[in-house]
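Engineer: Compute the structure for the input listed below.
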Amino acid sequence: MSELEVKGNTFYVLRIREGDAEKLTLHDDFGSAVARLKEGLKTSSSPEHLELMSIDVKGEKFEIKGVPWSTIAAELVKWMEEDIGLVREKTKEGKTIWRLG
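Structural biologist: Model prediction:
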């Protein structure tokens with residue numbers, strides 16, 4: 001039996017559905033949950049088979065929320081910036097463009 005020690009009051013549950021099978025992983029921080037989700041995206045037939053939830057422990061109560069894909073995408077973009085050297089810039093018109101550093 002293994003256990004997960006939560007450092008704060010929030011932990012994450014990633015649900016991956018593959019056909020009739022379902023796999024749940026627990027994560028004590030958002031970054032590790034997104035890293036595992038990134039792996040799941042490579043093997044899953046559809047992003048709809050992946051669901052990331054945050055669980056906030058507030059005294060005797062637990063608050064469960066789905067993490068929006070926009071939040072997940074923002075984290076993935078940060079990694080892309082670091083991994084492949086993408087640089088984000090604003091044009092004079094205020095649009096965001098990306099270029100390789």
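Engineer: Give me the contacts around the longest helix anywhere in the chain.
Structural biologist: Counting residues, the longest helix found in the chain (DSSP state H) is helix 69-84. Around helix 69-84, the neighbours that count as contacts under CB atoms under 8 Å, 6 or more residues apart in numbering are F30, G31, V34, L37, K38, P47, L52, L86, V87, R88, L100. To be clear about C-beta, it is placed using only N, CA and C from the backbone, and glycine gets the same treatment.
Engineer: residue ranges of the helices in the chain, please?
Structural biologist: In the chain, the helices defined using DSSP H lie at 30-43, 69-84.
Engineer: Can you say which of the ones you listed is packed in most?
Structural biologist: Of all those, helix 30-43 carries the top mean neighbour count, a mean of 16, counting by mean count of other CB atoms under 10 Å.
Engineer: Against which helices or strands is that helix packed?
Structural biologist: strand 10-18, strand 21-27, strand 50-58, helix 69-84 (3 or more CB pairs under 8 Å, 6 or more residues apart in numbering; DSSP states H and E).
Engineer: Spatially central residue in the chain, please.
Structural biologist: Note on the chain: the residue nearest the mean C-alpha position is V34, at 2.9 Å, using CA atoms, centre = their mean.
Engineer: Go through the helices of the chain and find the least confident stretch.
Structural biologist: Lowest mean pLDDT within the helices of the chain: helix 69-84, at a mean of 83.
Engineer: just how off-centre is it within its chain?
Structural biologist: Helix 69-84 sits 9 Å away from the centroid of its parent chain (CA atoms, centre = their mean, to the nearest Å).
Engineer: That one to helix 30-43, inter-axis angle?
Structural biologist: Orientation of helix 69-84 against helix 30-43 (axes from the mean of the first three to the mean of the last three CA atoms, to 10 degrees) gives an angle of 90 degrees.
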